[in-house]
Structure formats: C-alpha cells, structure tokens
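A.B. asks: I would like to see how this sequence folds:
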Amino acid sequence: MNFKTLPWYPIAVVLSGINLVAAGYAGGAAEPWHATVHVVLAVAFGAWARRLRRGPGDGEHQERLEMLEAELGSLRGELSETQERLDFAERLLAQGAESRRVGPER
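C.D. replies: Below is the predicted model:
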C-alpha cells in the first residue's frame with residue numbers, strides 16, 4: 001500500500017491549527033501542562049505538514065538528477081566522437097568510390 005501525501009497535507013495543517021487554538025484555550029484556563037501538550041502537538045503536526053509538502057527524498061532525487069546529468073554529458077561526448085568517426089569513414093569511402101569510377105588511363 002502506497003502512502004499518498006496529497007490528502008494528508010491539509011489534514012496535518014488543520015490538526016496543527018486546532019492544537020494551536022486549543023493551546024490558547026488551555027493557557028487561558030491556567031492549565032500550563034495541558035497548553036504545553038497542545039503546543040508540542042501543534043509543532044509536531046506542523047513539522048509533519050512541512051515534510052509532506054517537501055515530498056519524500058528530495059535530496060535523493062537531487063543527487064540522482066546530478067548523476068543523470070553527468071551521464072548525459074558523457075553520452076554527448078561519446079556521440080560527438082562517434083559522429084566525427086562516421087564523417088571520417090564516409091569521406092574515406094567517398095574517396096575510394098571516386099577512384100574506382102575513373103576509368104583506366106589511356
């Protein structure tokens with residue numbers, strides 16, 4: 001089963017907001033431990049929402065992208081070299097075909 005972040009992000013944001021409001025009510029009722037628990041929950045849900053917003057493994061994707069870009073550069077170099085060799089081979093074949101077309105000298 002895949003964990004899809006799309007529906008969980010708004011849920012985490014709402015839960016964070018609810019806990020912030022509850023912390024205000026608990027602080028107003030002179031219940032410091034109760035308010036502290038709500039503040040901790042609000043921060044935890046906020047951090048979770050932020051992590052969901054970033055997406056899983058953004059650093060891993062960036063590293064992989066850099067590796068692919070390096071490999072693409074290498075492949076471009078190899079393709080350029082191959083094209084140069086092909087052009088050289090075509091010129092040699094064209095010279096050979098021209099020398100065969102010329103009839104025997106008289």
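A.B. asks: for this protein, which segments are assigned as helices?
C.D. replies: Counting by DSSP state H, the chain has these helices, from start to end: 8-28, 32-54, 58-101.
A.B. asks: turn the ones you listed into TSV, columns for mean pLDDT.
C.D. replies: Converted to TSV, those look like this (pLDDT from 0 to 100):
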stretch	mean pLDDT
helix 8-28	90
helix 32-54	89
helix 58-101	87
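A.B. asks: can you redo the ones you listed as a markdown table with mean neighbour count?
C.D. replies: Where C-beta positions appear, they are placed from N, C-alpha and C, glycine not excepted. Formatted as a markdown table, the helices of the chain follow (neighbours: other C-beta atoms under 10 Å):
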| stretch | mean neighbour count |
| --- | --- |
| helix 8-28 | 15 |
| helix 32-54 | 15 |
| helix 58-101 | 10 |
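A.B. asks: domain assignment for the chain?
C.D. replies: In the domain annotation for the chain, the residue ranges read 1-56, 57-100 (automatic domain parsing).
A.B. asks: how far away from the center of its chain is the longest one?
C.D. replies: Spelled out, that is domain 1-56. The chain centroid and the centroid of domain 1-56 are separated by 27 Å, computed with C-alpha atoms, centre = their mean, to the nearest Å.
A.B. asks: if I look at the nearest residue to residue 42 once chain neighbours are set aside, how far off is residue 12?
C.D. replies: Distance criterion C-beta to C-beta, 6 or more residues apart in numbering; nearest residue to residue 42, sequence neighbours excluded, is residue 19 at 3.7 Å. Distance of residue 19 to residue 12, given as C-beta to C-beta, to the nearest Å: 11 Å.
A.B. asks: between the two, what contacts are shared?
C.D. replies: Common neighbours of residue 19 and residue 12, counting by C-beta atoms under 8 Å, 6 or more residues apart in numbering, are residue 45.
A.B. asks: thinking residue 39 is in contact with residue 21, fair?
C.D. replies: No: taking C-beta atoms under 8 Å as the definition, residue 39 is not a contact partner of residue 21, at 11.3 Å.
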